[in-house]
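In: Structure here, sequence nowhere to be found:
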């Protein structure tokens, strides 16, 4: 399996959160992970940053932020030029879909956890 460097945006240290589970599963499947969240912490050995960090060679951004909170990251994500952005359930954002498509970034609406579990990541 190919390592897909992934940014988890909306990361949480709470084990009940899907972003927490996504970080664990991404790490367990051998992907490089970066994480940004509201609160600093660590999940599966990955430090959660609270501010935007420099991004290079990002394959995937997986979103765990509601559409209003995503606005602060539009330019950040577009400038990083990931191959794709995954909109997990509850994060769907037609405004952002358009911006990404205009910049030749693939939009995927799905669940990162399901994609990983079914080898479709």
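Out: Alright, I've got the coordinates. Values in this document were obtained by computation on a predicted structure and should not be read as measured data. Numbering: from 1, shown residues only.
In: Would you mind measuring from the residue of the chain positioned farthest from its centre to residue 112?
Out: What lies farthest from the middle of the chain is residue 102; by C-alpha atoms, centre = their mean that is 19.4 Å. Between residue 102 and residue 112 the distance is 24 Å, computed by C-beta to C-beta, to the nearest Å. Quick note: C-beta positions are derived from backbone N, CA and C, even for glycine.
In: what do you get for residue 55?
Out: In terms of C-beta to C-beta, residue 55 sits 18 Å off from residue 112.
In: more neighbours, those two?
Out: Neighbours per residue, other C-beta atoms under 10 Å: of residue 55 and residue 112, the larger number sits with residue 112, 25 against 17.
In: pretty sure the more buried one is touching residue 22, no?
Out: Yes - between residue 112 and residue 22 there is a contact at 4.7 Å, judged by C-beta atoms under 8 Å.
In: shared neighbours of these two, anything?
Out: Overlap of the contact sets of residue 112 and residue 22 (by C-beta atoms under 8 Å, 6 or more residues apart in numbering) consists of 62, 88.
In: shaky segments in the protein?
Out: Counting by pLDDT under 70, the ranges of the chain that qualify are 1.
In: Do you have the helices of it handy? List them.
Out: Along the chain, the stretches classed as helices by DSSP state H are 18-28, 67-70, 74-80, 94-102, 112-117.
In: what's the burial count for residue 85?
Out: Residues within reach of residue 85, counting by other C-beta under 10 Å, total 27.
In: ok, for it, nearest residue in space, not its chain neighbours?
Out: residue 61 (4.7 Å; C-beta to C-beta, 6 or more residues apart in numbering).
In: Please report the distance of that neighbour from residue 16.
Out: 22 Å.
In: Among those two, which residue is more densely surrounded?
Out: Legend: neighbour count by other C-beta under 10 Å for residue 61 and residue 16, higher for residue 61 (24 against 7).
In: Verify the stated contact: residue 11 with residue 42.
Out: No - with contact defined as C-beta under 8 Å, residue 11 does not reach residue 42; the gap is 10.0 Å.
In: Great, nothing more from me.
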